[in-house]
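What shape does this take:
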Amino acid sequence: MSKSDENQAKRPKRSWKRTALEWAGLLAIIAFFRYTDQGTVVQSWLQRGLLATGIMQADVRYAENHDEPANFNLKLTTLEGEPALLSDYRGKVIFLNFWATWCPPCLAEMPFIQSLYEDVASEDIVFVMVSTDEEVETAQRFIDAKGYTLPIYRLAGRVPAQYDVRTLPTTYVISPSGNMATVHVGMANYNTRGFRKFLKQMSVTRVLEDI
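Residues are numbered from 1 along each chain as shown. Predicted coordinates:
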């Protein structure tokens, strides 16, 4: 018998019970993160730390000749039930974000969006945060608990194909001219100098065009 065979023979055999317990523990961890509110919160904390490093930022490259028109036929309601239309904000810079409370990346980026909102929101730069939660109370409880002041909406009709998002969060920025300025799929740190400049430059362009 070779030395390697002797060493292999000396190794203790793994019992099926130990293997089963290890798999059960792994599945329990996966279930915790995937199917519990606490797991969602923990994931969002971890992802928020990643965003804070500045690694994941939204693309702010804006093509002046971008000719893809935005679809303004998006019917919404506020959390209080008041009707709204995306077209109500035509001619402004629109930060349009689709999110949900069960989505860890959505929760991770929300503090950065709140900070961005506090820094740049104006008559010319508006925020439309669309909750895709099934129950309006779910979104309301979350916003109240966090103290967020972002304008929150819910879908109130058929979603145009342009906004038929497959991944949450997804963010669109619509220019005052009514074209898509940028689209970002997945979470990002939006409260950066570059992104603030990006939004403000578009709003200044709108003001100059009105003069």
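
buried set for stretch 174-186?
For stretch 174-186, burial by neighbour count (16 or more other C-beta atoms under 10 Å) applies to 174-177, 179-184. Where C-beta positions appear, they are placed from N, C-alpha and C, glycine not excepted.

ditto for stretch 84-97
Neighbour counts over stretch 84-97 (16+ other C-beta under 10 Å) mark 84, 86, 89, 92-97 as buried.

ditto for stretch 108-128
If you call a residue buried by 16+ other C-beta under 10 Å, then stretch 108-128 has these buried ones: 108-114, 116-117, 120-121, 124-128.

and the two most separated of those residues?
A108 and D124 (27.9 Å; C-beta to C-beta).

Helices of the chain, residue ranges please.
3-10, 16-35, 37-52, 104-120, 136-146, 193-210 (DSSP state H).

Where among those is average confidence lowest?
Among the helices of the chain, helix 16-35 carries the lowest mean pLDDT, a mean of 48.

Between the two ends of stretch 133-151, how far is it?
From its first residue to its last, stretch 133-151 covers 15 Å (C-alpha to C-alpha, to the nearest Å).

So which residue is dead centre in this protein?
Centroid-nearest residue in the chain: P169, 2.9 Å away (criterion: C-alpha atoms, centre = their mean).

residues touching that residue, list them.
97-99, 103, 105-106, 109, 186-187 (C-beta atoms under 8 Å, 6 or more residues apart in numbering).

One more: F95?
Residues counted as contacts of F95 (C-beta under 8 Å, 6+ apart) are 113, 116, 125-128, 171, 173, 190, 199.

Which one of these is nearest to G54?
Within those, proximity to G54 (C-beta to C-beta) peaks at Y190, which comes in at 11.7 Å.

From P111, how far off is that closest one?
Plainly put, Y190 is 10 Å away from P111 if you go by C-beta to C-beta, to the nearest Å.

again, but for T53
14 Å.

A100 too?
Counting by C-beta to C-beta, the separation of A100 from P111 is 16 Å.
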